[in-house]
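Undergrad: Just to be clear, the model below is a prediction. Sequence and coordinates:
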Amino acid sequence: QVQLQESGPGLVKPSQTLSLTCTVSGGSITTNSYYWSWIRQPPGEGLEWVGAITYSGSTYYSPSFKSRTSISRDTSKNQFTLQLSSVTPEDTAVYYCARCIQSSDRCDYWGQGTQVTVSS
């Protein structure tokens with residue numbers, strides 16, 4: 001059973017960088033055919049895909065976030081990390097990490113989500 005757990009600060013000030021880590025257990029982030037996504041849900045809105053890192057380390061970002069997003073990984077810890085710079089209150093959301101299947105783009109395992117609020 002794959003499990004994902006998000007961690008990071010719940011409150012970030014405007015213009016700062018939001019940094020979240022997803023720790024994966026029960027499966028390796030280097031396993032072929034999967035990619036590891038960050039997805040968020042602002043209050044009252046739907047899910048937004050932010051970006052992802054593949055099993056081989058390639059990264060992909062939503063055009064909406066590309067200029068200020070970086071996703072990296074630490075294979076020794078089986079973790080991947082999201083950094084979102086220059087945050088504004090519009091970046092307030094529940095942030096999820098998820099494992100997604102390359103062949104179908106279906107995300108089959110999700111973390112429980114972590115609330116991040118951007119406020120001074």
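TA: Everything's here; your move. Residues are numbered from 1 along each chain as shown.
Undergrad: Following element in sequence after the helix or strand encompassing Leu4, please.
TA: Take DSSP states H and E as the rule and Leu4 turns out to sit in strand 3-7. Once the chain leaves strand 3-7, the next helix or strand it forms, by DSSP H and E, is strand 11-12.
Undergrad: for the next helix or strand after that following strand, packing partners?
TA: Heading C-terminal from strand 11-12, the first helix or strand you meet, by DSSP H and E, is strand 18-25. Helices and strands touching strand 18-25, by 3 or more CB pairs under 8 Å, 6 or more residues apart in numbering; DSSP states H and E, are strand 3-7, strand 34-41, strand 79-84, strand 93-101, strand 114-118. Yep, even glycine has a C-beta here, placed from its N, CA and C like the rest.
Undergrad: Now do strand 18-25: distance to the chain's middle.
TA: 7 Å (CA atoms, centre = their mean, to the nearest Å).
Undergrad: Starting from Gly51, give me the distance back to Ser72.
TA: For Ser72, the distance to Gly51 (CB to CB, to the nearest Å) stands at 11 Å.
Undergrad: who's more crowded, those two?
TA: Per other CB atoms under 10 Å, whichever of Ser72 and Gly51 has more neighbours is Gly51, with 21 against 13.
Undergrad: Tell me the bridge partners for that one.
TA: Trp38, Tyr61 (DSSP bridges).
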